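>>> Prediction below, plus the sequence it came from.
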Amino acid sequence: MAANFQKIRTMEGLDELFERSKETPVVLFKHSNRCGISSHVMEMVGEIDAEVHYVVVQEDRMISDAIAERTGYRHHTPQAFIIRAGKPEYQATHYGINIKRLEEMSKGNNYGR
């Protein structure tokens, strides 16, 4: 299967994702459209069987900054999160993003925690 990418377009959309994370894990991905590593990692993330919510930092810096503020993790791209109960349960950047772990955790498993 392939990831179902959903672009985060508004702050309200981000709020809804954090609210949804109280019921089910949410995958967030911060992407830079000017970075080859980010593009490669986005391709890798695209292989997981999950809904992946993403922000392109050059287009929506305010949303990107809000993610950093809400999670307590300094901004990086690429950067992946699993948000559960409104808090980051998983965070990794660049090639430290473990695709298998991301997919497992997106399904509610505590794989590798």
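Received, thanks.
>>> Look up how far residue 13 lies from the most centrally placed residue in the chain.
When C-alpha atoms, centre = their mean is applied to the chain, the residue found nearest the centroid is residue 28 (1.8 Å). When distance is defined by C-beta to C-beta, to the nearest Å, residue 28 is 11 Å away from residue 13. For glycine as for every other residue, the C-beta is placed from the backbone atoms N, C-alpha and C.
>>> ok so, going back, quick one: the residue nearest to the centre of the chain and residue 51 touch, right?
No - between residue 28 and residue 51 there is no contact, the gap being 10.6 Å when judged by C-beta atoms under 8 Å.
>>> Is it correct that residue 63 falls within a helix?
Yes - looking at residue 63 with DSSP: H, G, I helix; E, B strand; the rest coil, it is inside a helix.
>>> now it: how far from residue 98?
24 Å.
>>> Of these two, give the one with the bigger neighbour count.
Shown here are residue 63 and residue 98; by other C-beta atoms under 10 Å, residue 63 has more neighbours (20 against 15).
>>> how about that one, what does it touch?
Residue 63 sits next to 8, 10, 11, 14, 55 when contact means C-beta atoms under 8 Å, 6 or more residues apart in numbering.
>>> how close does the nearest residue to residue 8 once chain neighbours are set aside sit to residue 107?
Computed as C-beta to C-beta, 6 or more residues apart in numbering, the closest residue to residue 8 that is not its neighbour in sequence is residue 55, at 4.8 Å. Distance of residue 55 to residue 107, given as C-beta to C-beta: 22 Å.
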